[in-house]
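Visitor: Build me a model:
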Amino acid sequence: MRGRDSDVADSVNSADSTDRDVPSNADPNNGVHDGPADLASLVPALRTPDPSAGIVGEHIEVAFGDHTILAGVDLDVRPGELVALVGPNGCGKSTLLSVLSGMRKPRAGRVLLDGTDIAHTHERDRAKLRSLVTQHNRVDTPFTVGEVVSMGRYPWLRTPQAVDSPRMIAEAIDRCDLSGIVNRPFPHLSGGQQARVSLARALAQNTPIMMLDEPTAALDIRHQEQVLQVLTEHRRSGATILLVVHDLTLAAAYADRVALMKDGHIVAYGETREVMTETLLAYIYDHPVDIFERDGRLIVLPQRRLPIAD
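Guide: Residues are numbered from 1 along each chain as shown. All right, here's what the predicted structure looks like:
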């Protein structure tokens, strides 16, 4: 039976290489479905996943009734990588993240986290492998900021790692700029503050894998950059990081690799500059984009029609 703190921790956080070998099970179209005839030539070749480390999703299928949400998706993220999952609303990004994190069972396929098949693991053991930051937070929880962050240490109760809990909690609060509101009730926070608390809880959990669903969506510019810097530092320490993000310029600036999703498929997956192209993004979003470079960084902007003069 799960402890009360475990139930609360989940409710606070959720309302619901360069290796170019092509695996034998690779999509012959490199993931491109129903696109322009020449699009497949622009998609990087798939690499061979390492099933012993990081995140590996194989042939993942999810359907609601007759409606297919994910259609045989393959994705791998290696230790020391920050991968951005991008695509239009409703393409399956959040569903894929929920499957990879073990929050949802797929109709078909399997997920390995650091070599462990999560279909055969206890929830608390999964929580030692991965932390999860979702889009939605329960606002009816009675706990303070400090108490919510401390819930990240629940998987380590009564283990040798519990001795590190006070330090992990304090470091997470400091890194997410929460020291000034640590005693404030969680429901009294703005959406952006709640998002930073959820990130701090995940950092305190101190898992080798972190998954995040739009962690910067409610944040101002300063805190967007702060969160991405924190994730970059976490990645440099060897963590495996997968995040869903809508801001394409942020994805281009911070991601080592990018996966482009459309209609339940991963259309392209590779190093950021290989897949963040005007042609691929225009296909993904059904809207033209312009990509500029400044100081070595890519800036992605949608093309806008000029207003019609009176």
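
Visitor: from here on, contacts and neighbour counts on C-alpha atoms
Guide: Will do.

Visitor: Just the buried positions in the strand or helix carrying residue 170, please.
Guide: Using DSSP states H and E, residue 170 sits in helix 165-175. By 16 or more other Cα atoms under 10 Å, the buried positions in helix 165-175 come out as 165, 168-170, 172-173, 175.

Visitor: wait, which of those residues is closest to residue 200?
Guide: residue 172 (4.9 Å; Cα to Cα).

Visitor: That closest one: what's it in contact with?
Guide: Residue 172 sits next to 149, 200-201, 203-204 when contact means Cα atoms under 8 Å, 6 or more residues apart in numbering.

Visitor: element containing the nearest residue to it once chain neighbours are set aside?
Guide: Nearest residue to residue 172, sequence neighbours excluded (Cα to Cα, 6 or more residues apart in numbering): residue 200, at 4.9 Å. If you go by DSSP H and E, residue 200 is part of helix 191-205.

Visitor: what residues does that helix touch?
Guide: 13, 128, 131-133, 137, 145, 148-155, 165, 168-169, 171-173, 175-176, 178, 186, 210, 215-220, 227.

Visitor: can you give me the helices in the stretch 151-300 of the chain?
Guide: With DSSP state H, counting those that start in this stretch as the criterion, the stretch 151-300 of the chain has helices at 165-175, 191-205, 221-236, 248-254, 272-275, 278-285.

Visitor: Just the buried residues of the fifth one, please?
Guide: Along helix 272-275, these residues count as buried under the neighbour rule (16+ other Cα under 10 Å): 272, 275.

Visitor: tell me, how many neighbours does residue 236 end up with?
Guide: 14 (other Cα atoms under 10 Å).

Visitor: Do I have it right that it meets residue 80?
Guide: Yes - using Cα atoms under 8 Å, residue 236 is in contact with residue 80, at 5.9 Å.

Visitor: that older thread, can you name the two of the contacts of residue 172 that sit furthest apart?
Guide: Taking Cα to Cα as the measure, the contacts of residue 172 have their most distant pair in 149 and 203, spaced 8.6 Å apart.

Visitor: I'd like the contacts of residue 172 laid out as TSV, including pLDDT, distance to residue 58 and neighbour count.
Guide: Formatted as TSV, these follow (pLDDT from 0 to 100; distance: Cα to Cα, whole Å; neighbours: other Cα atoms under 10 Å):
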residue	pLDDT	distance to residue 58	neighbour count
149	97	32	27
200	97	30	30
201	97	29	30
203	97	27	27
204	97	29	26
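
Visitor: Report how many residues lie close to residue 65.
Guide: Residue 65: 7 neighbours (other Cα under 10 Å).

Visitor: tell me the pLDDT at it?
Guide: With respect to pLDDT, residue 65 has a value of 89.

Visitor: Which residues are in contact with the residue minimising distance to the centre of the chain?
Guide: Among the residues of the chain, residue 243 comes closest to the average C-alpha position under Cα atoms, centre = their mean, at 2.0 Å. Applying Cα under 8 Å, 6+ apart to residue 243 gives the contacts 82-85, 211-215.

Visitor: Once you drop chain neighbours, what's closest to it?
Guide: residue 212 (4.5 Å).

Visitor: Does the one you found touch residue 242 like I think?
Guide: Yes - the criterion here is Cα under 8 Å, and residue 212 meets it with residue 242 at 6.4 Å.

Visitor: so who does residue 108 touch?
Guide: Contacts of residue 108 by Cα under 8 Å, 6+ apart are 59-62, 72.

Visitor: For beta bridges, what are the partners of it?
Guide: For residue 108, the beta-bridge partners are residue 61 (DSSP bridges).

Visitor: Which pLDDT value belongs to it?
Guide: 96.

Visitor: How about the one 5 residues further on?
Guide: Note for residue 113: predicted pLDDT of 97.

Visitor: got it, and residue 41?
Guide: Residue 41 carries a pLDDT value of 77.

Visitor: Number of residues surrounding residue 294?
Guide: So residue 294, with other Cα under 10 Å, has 7 neighbours.

Visitor: hey, what's it bridged with?
Guide: With DSSP bridges as the rule, residue 294 is bridged to residue 297.
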